[in-house]
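>>> All I have is the shape, not the residue letters:
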C-alpha cells in the first residue's frame with residue numbers, strides 16, 4: 001500500500017501483537033521505521049511483518065530496536081468477557097509481556113483497555129484528536145507521562161461508538177482506511193501513537209532525518 005511520507009527520526013520500533021497496524025501507522029507518522037509481529041497472518045499490515053509468538057520475538061529480538069510497543073490481548077481484562085464469557089478462557093499476556101519488555105532494557109509502551117492493570121501515563125480518546133470516534137485506551141510507558149496537554153475527552157451525540165452495523169464507517173473515522181472492517185474491530189487510531197511516538201523520540205534524544 002501507499003504510505004504517507006514523513007521525515008525519518010533514525011529510530012526503529014517493534015510493534016508486538018500488531019494486528020493490521022493501526023498503532024504501527026502512528027509510529028510511522030511519528031518518524032519511526034516499524035516492524036510488526038503477530039501470531040495471526042495480517043495481509044493488510046503495511047510494514048515489515050513477522051508471523052510468530054510475540055513474547056518469544058520480543059525476548060529474542062527486542063534489544064535490536066530503539067523502542068518496543070506491546071498491545072497484548074485485552075480479552076482477559078475486558079468487561080464484556082466477564083459478561084458474556086469466562087476470563088479463564090483468555091490468558092493474561094499483559095503481565096508476562098511487560099516482564100519480557102522490561103528484560104530487554106529498551107524503552108517500551110504498553111496499550112490496553114481502560115480496565116487493564118496499566119499505569120495511566122496516557123489516557124486517550126479519539127475525540128481528543130478531532131476524530132469522530134469514541135475509543136478509550138490506556139498507555140503505560142517506561143519513561144512516564146510527558147509532552148503536550150490534550151483537550152478533555154468529549155462525547156457529543158454525533159460521535160461514533162463501536163457497533164458492528166457501522167464497522168466500515170468506524171474504521172475510516174479512526175484513520176484505519178487500509179484495513180478491512182473486521183480487522184479494524186481490534187484496531188486503535190494511529191493518532192494515539194503518532195503523539196506518543198513523538199514523545200518517545202524526544203525521550204530518546206532523536207533528531208529528524210529527511211528520508
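Structure received. Treat the numbers as computed from the prediction; the structure is a model and nothing was measured.

>>> and the longest helix along the chain, what does it pack onto?
Of all the segments of type helix in the chain, defined by DSSP state H, the longest one is helix 190-203. For helix 190-203, the elements it packs on are helix 22-29, strand 67-70, strand 108-112, strand 122-124, strand 137-141, judged by 3 or more CB pairs under 8 Å, 6 or more residues apart in numbering; DSSP states H and E. All C-beta spots, glycine's among them, are computed from the backbone N, C-alpha and C.

>>> Format those as CSV; extra columns: distance to residue 4 and mean pLDDT.
Shown next, in CSV, are the helices and strands packed on helix 190-203 (distance: least, CB to CB, whole Å; pLDDT from 0 to 100):
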stretch, distance to residue 4, mean pLDDT
helix 22-29, 7, 98
strand 67-70, 19, 98
strand 108-112, 21, 96
strand 122-124, 20, 94
strand 137-141, 22, 95
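
>>> circling back: roughly how far is the longest helix of the chain from the heart of the chain?
In terms of CA atoms, centre = their mean, to the nearest Å, the centre of helix 190-203 is set 11 Å apart from its chain centre.

>>> center of this protein, which residue is that?
residue 23 (3.8 Å; CA atoms, centre = their mean).

>>> Distance-wise, check it relative to residue 190.
For residue 23, the distance to residue 190 (CB to CB, to the nearest Å) stands at 7 Å.

>>> Which residue is most remote from the mean position of this protein?
Here the centre of the chain is the reference, and by CA atoms, centre = their mean the most remote residue is residue 157, at 26.2 Å.
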